[in-house]
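Peer 1: My questions concern the predicted model and sequence given below.
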Amino acid sequence: MGIITYREDLKQKSQILRKEMTKEERHLWYDFLRTYSPSFHRQKPIGNYIADFYCASVKLIVELDGGQHYEDNSLRYDEKRTEYLNMQGITVLRFTNTDIWKHFYEVCTEIDREVKFILGKGY
């Protein structure tokens with residue numbers, strides 16, 4: 001694990017994605033993560049990827065997956081991506097868009113539980 005960098009060409013794309021968040025991303029951001037401590041960042045470039053939400057102080061990514069993530073090519077891409085991020089010492093939590101709408105409280109509870117678990121380990 002070294003210093004986590006990102007490709008400069010992803011900066012503009014991440015800015016666009018911040019402006020064009022999905023309804024589910026907006027809900028999670030404005031109704032939970034925006035005021036959560038420790039702080040999260042939206043659409044954060046990390047390596048060759050852009051994380052939906054990233055908390056640097058605990059090295060935690062929260063990803064929201066729409067239906068396209070369950071197609072074969074996307075599943076393989078997500079597995080490769082998660083493997084790379086894990087090798088950087090980053091934990092990845094994934095939730096479906098349906099989870100956001102039907103189990104929002106549980107999603108928020110799981111994120112909070114993971115942050116507290118990581119902080120308890122001294123990361």
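Peer 2: Happy to help now that I have it.

Peer 1: How are the helices of this protein distributed by residue range?
Peer 2: Secondary structure of the chain (DSSP state H): helices at 10-19, 23-31, 72-87, 97-102, 104-120.

Peer 1: If you average pLDDT over each of these, which is lowest?
Peer 2: Among these, helix 10-19 has the lowest mean pLDDT, at a mean of 72.

Peer 1: What's the local residue count around residue 113?
Peer 2: Residue 113 is flanked by 11 other residues according to other CB atoms under 10 Å. Where C-beta positions appear, they are placed from N, C-alpha and C, glycine not excepted.

Peer 1: same check, this time on residue 40
Peer 2: Residues contacting residue 40 under the criterion other CB under 10 Å number 26.

Peer 1: so what's the residue nearest the centre of the chain bridging to?
Peer 2: Nearest to the geometric centre of the chain sits residue 62, at 2.6 Å (CA atoms, centre = their mean). Counting by DSSP bridges, residue 62 forms beta bridges with residue 53, residue 93.

Peer 1: again, but for residue 47
Peer 2: For residue 47, the beta-bridge partners are residue 6 (DSSP bridges).

Peer 1: Identify whichever of the helices of the chain lies nearest to residue 46.
Peer 2: Closest to residue 46 of those, according to CB to CB: helix 72-87, at 6.8 Å.
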